[in-house]
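In: A predicted structure for the sequence below; I have some questions about it.
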Amino acid sequence: MWRPKQRIRHEVKAGPWPGEDEARNSVLFSGFESRRLKLNSRSWVPAMVPWRASEDGFVTQDILDWYERFAEGRPGALVVEATGIRDVPSGPLLRIGHDRFLPGLRRLVDVVRRASGGETKLFIQLIDFLSIKRRPRREDYFNRFLHITDDHREKLKLPDEDIRARLLTLEDEALEGILSARELEALQRGLRERVTDTHLAHIADLPRQLPPLFAQAAKRAEQAGFDGVELHYAHAYTMASFLSALNTRADGYGGSLENRVRLPLEVFEAVRQQVSDGFVVGCRMLSEDCIADGSSVDDACYFAQCFADTGMDFISLSRGGKFEDAAQPKVGEAIYPYTGPSGYECMPSYISDEFGPFERNREPTARIKSMVGKTPVILAGGIHDFQQAEDILQKGDADIIAFARQALADPDWFQKVRRGEGDKIRVCRYTNYCEALDQKHKQVTCELWDREALDEPGVKLSKDGKRRLIAPR
């Protein structure tokens, strides 16, 4: 993963921890109610992909164990990982694009309800993503994948049967004068579809396809018993790409702010029409793209205000995590959108710049919060300490605090703080050990506990047999 050039090592500090009475009377552990969103506390565990679904997208026992463990800590809300809305193969990622996925999702809801004593609201994140191919071998790219065009013929002055062989002999610097930017990218980073590829019929048709796909997925989520859905409008995926300033579509869905927000609003409206009045519908979006020529905080303020005005029930804010500045993948691997500077902004580590890894998203979130009135805003990014969270809430910079890596480090964080036992918490070190596992599509665990008590009765181990899959109780 990319690191800032300053490479300043920041020590994680936590405390002083509150006593039981102070915690009970805090804003963090107070109830929250706005529109349809009603929480027992202002704590939130955001979506994290643990790579535990089956290869065909079904809920597994490992998925049930994963979410049960978070639910035992009784956060105010828990969001199930990014779940695909299309009925297409997508590896070990949860899916909700067909009714056959409902029985497993119902079991997941039941497990969380029991483990949290009914205290934790359960949402599921709905995602769409475009095609991404692995970086090919040069031989495969030139002999099988590259489409020979008149431009190649003109530049090389060779018959078609000789062009591929000639290209294979050239270094990348020479190829830059022959291949288009997208062809060179497909060779060096793997072929990746963009929302601006409107010459492709299925990309041009996204504004017609996506609203009903999201709406049917949300309807299934309600049938499964979830309290609501979180529409995934963040990071490197389809809906965030429509919002991005890089979206130059000329069909009314790109270019201006008004056009870029058009499809996300149409998706929300389609979802709202398919679910009951009490069902929660919010979104996860970016406070900033954090890439060259990408969307700014000002853009995000505009989008968030549009979402608030149309009646969205919450806005959860993250940062960065884009493909455009991601590291070049190895041959045979796919590009991973959290390996560049924008990925660092999404998941900063303890090796950082002068600002450090903590609360990097606070100031942008506060600006967005000031624009959306009473619509609940959820802040994520480097929050691990009670005093941090309480200060943010008391100053009105956000309404709810999301704990991702800290909840993974210690799912009991919420219970321990409530009981005045903060000194017993496993505090996240922000080494991004978990993110490194995610990048390799390995089952995600935390270095603070995954080698602990491996011979304990009932402990399930990772596929490599070296790590426990959930935190000790």
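Out: Happy to help now that I have it. Bear in mind that the values here come from a model prediction, so they are computed numbers and not experimental data. Numbers count the residues shown, from 1 in each chain.
In: Leaving out sequence neighbours, find the closest residue to G254.
Out: N247 (4.1 Å; C-beta to C-beta, 6 or more residues apart in numbering). Every residue, glycine included, has its C-beta placed from N, CA and C.
In: can you count the residues close to that neighbour?
Out: Per other C-beta atoms under 10 Å, the neighbour tally for N247 reads 20.
In: show me what contacts P348?
Out: G356, P357, R360, G381, G382, Y430 (C-beta atoms under 8 Å, 6 or more residues apart in numbering).
In: Just to check, the last one is in contact with L408?
Out: This means Y430. No - if you go by C-beta atoms under 8 Å, Y430 and L408 don't touch, sitting 11.5 Å apart.
In: all helices of the stretch 301-450 of the chain, in order?
Out: According to DSSP state H, counting those that start in this stretch, the stretch 301-450 of the chain carries its helices in the segments 341-346, 362-369, 386-394, 405-409, 413-418, 433-439.
In: mind checking which of those is nearest V27?
Out: helix 386-394 (4.1 Å; C-beta to C-beta).
In: So which elements touch the closest one?
Out: strand 400-402 (3 or more C-beta pairs under 8 Å, 6 or more residues apart in numbering; DSSP states H and E).
In: hmm, 10 Å instead?
Out: Applying 3 or more C-beta pairs under 10 Å, 6 or more residues apart in numbering; DSSP states H and E, one finds that helix 386-394 contacts helix 20-24, helix 362-369, strand 377-379, strand 400-402, helix 413-418.
In: now it, how far from the centre of its chain.
Out: Centroid displacement of helix 386-394 relative to its chain, using C-alpha atoms, centre = their mean, to the nearest Å, is 24 Å.
In: For it, the averaged confidence score.
Out: Summarised as a single mean, pLDDT over helix 386-394 is 98.
In: Export only the CA atoms of that helix, formatted as CSV.
Out: Listed next in CSV are the C-alpha coordinates belonging to helix 386-394 (Å, rounded to 0.1, in the frame of the first residue of the first chain):
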residue,chain,number,x,y,z
PHE,A,386,-14.0,7.4,23.4
GLN,A,387,-12.7,10.9,23.8
GLN,A,388,-12.2,11.3,20.1
ALA,A,389,-15.8,10.2,19.4
GLU,A,390,-17.4,12.2,22.1
ASP,A,391,-15.6,15.4,21.1
ILE,A,392,-16.8,15.0,17.5
LEU,A,393,-20.4,14.4,18.6
GLN,A,394,-20.4,17.2,21.1
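In: Tell me who's in contact with A217.
Out: 83-86, 95-98, 101, 124, 126-128, 229, 231, 271, 274 (C-beta atoms under 10 Å, 6 or more residues apart in numbering).
In: and the residues you listed, which of them are in strands?
Out: Applying DSSP state E to the contacts of A217, the entries found in strands are T83, G84, I124, L126, I127, V229, L231.
In: from these, which is closest to K424?
Out: I124 (31.0 Å).
In: where does that closest one sit relative to L243, distance-wise?
Out: 21 Å (C-beta to C-beta, to the nearest Å).
In: Over to L179?
Out: 30 Å.
In: what about the strands in the protein?
Out: 8-9, 32-34, 37-39, 43-45, 77-84, 121-127, 228-233, 280-286, 315-318, 351-352, 377-379, 400-402.
In: With distance to E345, mean neighbour count and mean pLDDT added, can I get those strands in JSON lines?
Out: Output for the strands of the chain, formatted as JSON lines (distance: least, C-beta to C-beta, whole Å; neighbours: other C-beta atoms under 10 Å; pLDDT from 0 to 100):
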{"stretch": "strand 8-9", "distance to E345": "16", "mean neighbour count": "11", "mean pLDDT": "96"}
{"stretch": "strand 32-34", "distance to E345": "27", "mean neighbour count": "14", "mean pLDDT": "96"}
{"stretch": "strand 37-39", "distance to E345": "27", "mean neighbour count": "20", "mean pLDDT": "98"}
{"stretch": "strand 43-45", "distance to E345": "20", "mean neighbour count": "27", "mean pLDDT": "98"}
{"stretch": "strand 77-84", "distance to E345": "19", "mean neighbour count": "26", "mean pLDDT": "98"}
{"stretch": "strand 121-127", "distance to E345": "20", "mean neighbour count": "25", "mean pLDDT": "98"}
{"stretch": "strand 228-233", "distance to E345": "17", "mean neighbour count": "27", "mean pLDDT": "98"}
{"stretch": "strand 280-286", "distance to E345": "9", "mean neighbour count": "26", "mean pLDDT": "98"}
{"stretch": "strand 315-318", "distance to E345": "9", "mean neighbour count": "28", "mean pLDDT": "98"}
{"stretch": "strand 351-352", "distance to E345": "11", "mean neighbour count": "20", "mean pLDDT": "96"}
{"stretch": "strand 377-379", "distance to E345": "14", "mean neighbour count": "25", "mean pLDDT": "98"}
{"stretch": "strand 400-402", "distance to E345": "15", "mean neighbour count": "25", "mean pLDDT": "98"}
